[in-house]
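K.L.:
turn this into a structure:
(chains A and B)
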Amino acid sequence: MPVSFAAQINSVMAALILLTAFGLLIQRRILGLLHLFAWQGLFLGISTAIVGYVTGVHHLFVSSILTLTLKVVLLPWILYALIRKLNIRKEIETLVNIPATMLIGIALVIFSYHLTAPITQLSSLVTRSTLAVALATVMLGLLMMVTRHHAVTQIIGFLALENGLFFAATSATYGMPMVVELGVALDLLIAAFIFGIFFFHINTTFDSLDVEQMAKLKEGD
Amino acid sequence: MTLLVLLGISLSFAVVLAFLGDWKYAPEVNITGSAAACATSILLALQVYLHGPFTAGSNFFFVDAFNVYLTVLTAFVSMTTAIFSRRYMRVEREHGRVGHWRMRFYHAMYQLFIFAMLLALLTNNFGVLWISMELATLSTVLLVSLYRTPNAIEAAWKYFILCGVGIAQALFGTVLLYFAAERLLGVGGEALLWTNLSHISGQLEPTVLRLAFVFLMVGYGTKVGLVPLHNWLPDAHSEGPTPISAVLSGLLLNVALYALVRCKVLVDGSTGSHLAGRMLIGFGLLSIIVASFSLLRQKDIKRMFSYSSIENMGIATFAFGIGGPVATFGALLHMLVHSLTKSAIFFTVGHASQMHGTQEMERIRGLIKGSPVVGWAFILGTMALVGMPPFGLFASEFLILTATIKEAPFLAPIILLGLAVSFAAIFRRVQPMVTGVVPPWQKPLKAAHLPVILHMALVLLLGLYLPRFLSDWFHTTVELLK
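P.N.:
Sure, this is the predicted structure:
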């Protein structure tokens, strides 16, 4: 596979990742969010594998397999099991002001391109052009966590944000050193364990997973 | 070798306590583990004192004058907290607030948390530093929600989400740092090692490092609890069990600030400008002012002292930002004495709130009459905290203020205002709590006096006389951070 062709496929993957990030931002159904998240993981895994193939950086294959098992299979499966157990499969979240959220999202993408422009110029990697998309994915995940009020949705936003970070590592440097990537994956697994427990605690204590209800600890009362 | 043993101790005790954490003598096992870690850390310090800095585990870990004193501090405070926790958690268990499983969980996570902090301090690798900071957060999230009250769950959720998001920014910063370093040091783990990076910081690309520092500042700044990233801190530090509040406020904030300062050194070396310092000054000042005025409005005793932690961390951050030998020396000392004082105060606060069955300051009265040691420890601890002589915080704040007057005189009034307001706010609340008659709802309590007395004695000692080895380490660190 010629390098320029690989770079193009990688750009397509980046575009798809960005698209799923926007999809996550406005999807109301919990199950739909889960599907989108799994797709995002898949695109990420494919992109990592392609970069690994054309550059000959072999540890990227390990990262790719790690991504596919963790973010396409394991985490969505855990979340799905939790959603079934908590009986919120059909839950629909009310979203206010979707157009405004989208506009803010677009502004964040432009901002990301602006911010990473000097770095892209310094880099000579095949993947340099996707760094902006990676940062945009991080920012969109952040935006999702701010605008949503459901515990499960916030977690999916958090995981999407983590996808963005992983993508940033591949785009800027062909992946972090192996020990760091394994450590981050371990942290993510522990986090999955913790939010699983949390969903049950929140659900039993507040009778719903809407975190808006948790607003007792405010100042000045 | 000592270094690996130190990390191994906390990790293996975490595993052991995961199995017998609800055993009758589990608190004693917990104390043994922490005491062993503390003894090993002192051994480690001795090695550093005699032979200077060194690396271990094929450059994976390292220890120098900067992290060695924080390591000993962490191991020491975790030991005294374990001693305090034995009595405290027994009472909580008698009150039925925690059961078998949760005790097991509590003990295992306590040791895992200590391990995460020690790993963060001793690792040579910036990536691992990030991982262990995240691990420290994750291991304490479920400890904050240990009581399963609505407030505790809300606090823990906030802690989990806000710190998770915050620290994710630091990972992006670390990626950028790796990007800059890899061009000079080649691909692989070598490029993230502090021992390599500190030598070549002058050649790192300034544009990249400037951007990286913004992300690192936001990321680790969230964990230090700097305003405006502090929202999670008062909740997380006040809703959990008191031993956890003591280690969160006393230790974890220090470790996060340590991470931030290490990053600052690299950025300063690369850019040659004062950018990182200015950012630290800005965040520090804002923290001092906002936290000291927030102190005025508090009704919950642990919440009030959490805000005081934000204020004190603000002072240290500000001092690192000012830079120069005097301010940096003051900041290093401040981290040490604040940690000792704040954990001592949380110990007495824990006893006081158990005696009264509440954390509301309105209902805590007559401490000196009810339990003289707790009462006096509380009033002396508070005096130390607000910076009265002859305690250690007076010395550190005095140094910082002197440096400020010299380097940036127009900022000195702002610092003084913050200190004065927090002094007034805290004393106004503490004075009625310790004096007066014993209210009918106060119950006598078997308190653990040793940890508090030990901490206060050290804070007093450090205010009067700074041991030679400590000032040597501080001077070396000052050179390093220049």
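
K.L.:
who touches the closest residue to A:Lys71 other than its chain neighbours in this structure?
P.N.:
Leaving aside its sequence neighbours, A:Lys71 sits nearest to A:Gly41 (CB to CB, 6 or more residues apart in numbering or on different chains; 3.2 Å). Where you see a C-beta, it was placed from the backbone N, CA and C, and this is true even at glycine. Contact partners of A:Gly41, counting by CB atoms under 8 Å, 6 or more residues apart in numbering or on different chains, are A:Thr67, A:Leu68, A:Leu70, A:Lys71, A:Val72, A:Leu75, A:Pro76, A:Asn163.

K.L.:
let's go with 7 Å and repeat that
P.N.:
By CB atoms under 7 Å, 6 or more residues apart in numbering or on different chains, the residues touching A:Gly41 are A:Thr67, A:Lys71, A:Val72, A:Asn163.

K.L.:
interface residues of the stretch 1-150 of chain B facing chain A?
P.N.:
B:Gly127, B:Val128, B:Ile131, B:Glu134, B:Leu135, B:Leu138, B:Val141, B:Leu142, B:Ser145, B:Arg148, B:Pro150 (CB under 7 Å from any CB of the partner chain).

K.L.:
excluding covalently adjacent residues, which one is nearest to the last one?
P.N.:
The shortest distance from B:Pro150 to any residue that is not its chain neighbour, by CB to CB, 6+ apart, is 5.4 Å, and that residue is A:Thr205.

K.L.:
assign that neighbour to helix, strand or coil.
P.N.:
What DSSP: H, G, I helix; E, B strand; the rest coil gives for A:Thr205 is helix.

K.L.:
and for it, the neighbour number?
P.N.:
18 (other CB atoms under 10 Å in any protein chain shown).

K.L.:
could you do A:Phe61 as well?
P.N.:
By the criterion of other CB under 10 Å, A:Phe61 has 14 neighbours.

K.L.:
and if you look at B:Thr55?
P.N.:
So B:Thr55, with other CB under 10 Å, has 16 neighbours.

K.L.:
then A:Gln121?
P.N.:
Counted with other CB under 10 Å, A:Gln121 comes out at 10.

K.L.:
next: B:Tyr49.
P.N.:
B:Tyr49 is flanked by 15 other residues according to other CB under 10 Å.

K.L.:
nearest spatial neighbour of it, chain-adjacent residues omitted?
P.N.:
Looking at B:Tyr49 with CB to CB, 6+ apart, the closest residue is B:Phe469, at 5.4 Å.

K.L.:
helix/strand/coil for that neighbour?
P.N.:
Applying three-state DSSP: B:Phe469 is helix.

K.L.:
hang on, it packs against B:Leu50?
P.N.:
No: contact between B:Phe469 and B:Leu50 fails when scored by CB atoms under 7 Å: they sit 10.2 Å apart.

K.L.:
can stretch A:55-62 be found next to chain B?
P.N.:
No: using CB under 7 Å from any CB, stretch A:55-62 never reaches chain B; the gap is at least 7.6 Å.

K.L.:
ok, residues contacting that stretch?
P.N.:
Contacts of stretch A:55-62 (CB under 7 Å, 6+ apart): A:Thr48, A:Ala49, A:Val51, A:Gly52, A:Val126, A:Tyr174, A:Gly175, A:Met178.

K.L.:
where does the fourth one fall, secondary structure wise?
P.N.:
Here A:Gly52, judged by DSSP states H and E, is contained in helix A:30-55.

K.L.:
pull out the buried residues from that helix.
P.N.:
Counting neighbours by 16 or more other CB atoms under 10 Å in any protein chain shown, one finds that the buried residues in helix A:30-55 are A:30, A:33-34, A:36-52, A:54-55.

K.L.:
quick one: distance of the following helix or strand past it to the chain centre.
P.N.:
Later in the chain than helix A:30-55, the nearest helix or strand by DSSP H and E is helix A:59-67. Distance, stretch centre to chain centre, for helix A:59-67: 17 Å (CA atoms, centre = their mean, to the nearest Å).

K.L.:
that older thread, of the contacts of stretch A:55-62, closest to B:Val438?
P.N.:
Nearest to B:Val438, judged by CB to CB, of the contacts of stretch A:55-62 is A:Met178 at 61.7 Å.

K.L.:
so what's the closest one up against?
P.N.:
A:His59, A:Val62.

K.L.:
quick one: it from B:Tyr178, how far?
P.N.:
Separation of A:Met178 from B:Tyr178 (CB to CB, to the nearest Å) stands at 13 Å.

K.L.:
same check on B:Gly387?
P.N.:
Per CB to CB, B:Gly387 is found 41 Å from B:Tyr178.

K.L.:
what's the burial count for the closest residue to chain A within the stretch 301-450 of chain B?
P.N.:
Using CB to the nearest CB, B:Arg303 is the residue of the stretch 301-450 of chain B that sits closest to chain A, at 9.0 Å. Here the count is done by other CB under 10 Å, and B:Arg303 has 24 residues near it.

K.L.:
which element is it on?
P.N.:
Per DSSP H and E: helix B:301-322 holds B:Arg303.

K.L.:
now the nearest residue to B:His334 once chain neighbours are set aside: how far from B:Thr341?
P.N.:
In space, and not counting its chain neighbours, B:His334 is closest to B:Ser396: 3.8 Å by CB to CB, 6+ apart. According to CB to CB, B:Ser396 stands 11 Å off from B:Thr341.

K.L.:
give me the contact list for stretch B:56-63.
P.N.:
Stretch B:56-63 is contacted from outside by B:1, B:3-4, B:44, B:48, B:53-55, B:122-125, B:193-195, using CB under 7 Å, 6+ apart.

K.L.:
that one spans what distance, first to last residue?
P.N.:
Stretch B:56-63 stretches 8 Å from its first residue to its last (CA to CA, to the nearest Å).

K.L.:
so how far is it off the chain centroid?
P.N.:
The chain centre lies 24 Å from the centre of stretch B:56-63; the measure is CA atoms, centre = their mean.

K.L.:
what average pLDDT does it get?
P.N.:
Averaging pLDDT along stretch B:56-63 yields 88.

K.L.:
how about that stretch: buried residues?
P.N.:
Going by 16+ other CB under 10 Å, stretch B:56-63 has these buried residues: B:Ala56, B:Phe60, B:Phe61, B:Phe62, B:Val63.

K.L.:
over to stretch B:372-382?
P.N.:
The neighbour-count check on stretch B:372-382 (16+ other CB under 10 Å) flags B:Val374, B:Gly375, B:Trp376, B:Ala377, B:Phe378, B:Ile379, B:Leu380, B:Gly381, B:Thr382 as buried.

K.L.:
what about the residues you listed, which are in helices?
P.N.:
B:Val374, B:Gly375, B:Trp376, B:Ala377, B:Phe378, B:Ile379, B:Leu380, B:Gly381, B:Thr382 (DSSP state H).

K.L.:
my guess is the last one contacts B:Arg428, does it?
P.N.:
The one in question is B:Thr382. No: in this structure B:Thr382 lies outside contact range of B:Arg428 using CB under 7 Å: 11.0 Å.

K.L.:
list the contacts of B:Leu20.
P.N.:
B:Leu20 neighbours (CB under 7 Å, 6+ apart): B:Ala26, B:Val29.

K.L.:
report pLDDT for it.
P.N.:
Turning to B:Leu20, the model gives it a pLDDT of 84.

K.L.:
how far away is it from B:Val218?
P.N.:
Counting by CB to CB, the gap from B:Leu20 to B:Val218 is 41 Å.

K.L.:
what's the answer for B:Gly166, then?
P.N.:
The spacing between B:Gly166 and B:Val218, counted by CB to CB, is 7 Å.

K.L.:
overlap in contacts, those two.
P.N.:
Shared contacts of B:Gly166 and B:Val218 (CB under 7 Å, 6+ apart): B:Leu229.

K.L.:
now do stretch B:437-447: everything it contacts.
P.N.:
Contacts of stretch B:437-447 with the rest of the structure, by CB under 7 Å, 6+ apart, involve B:87, B:351, B:354-357, B:365-366, B:369-371, B:373-374.

K.L.:
done for today, thanks.
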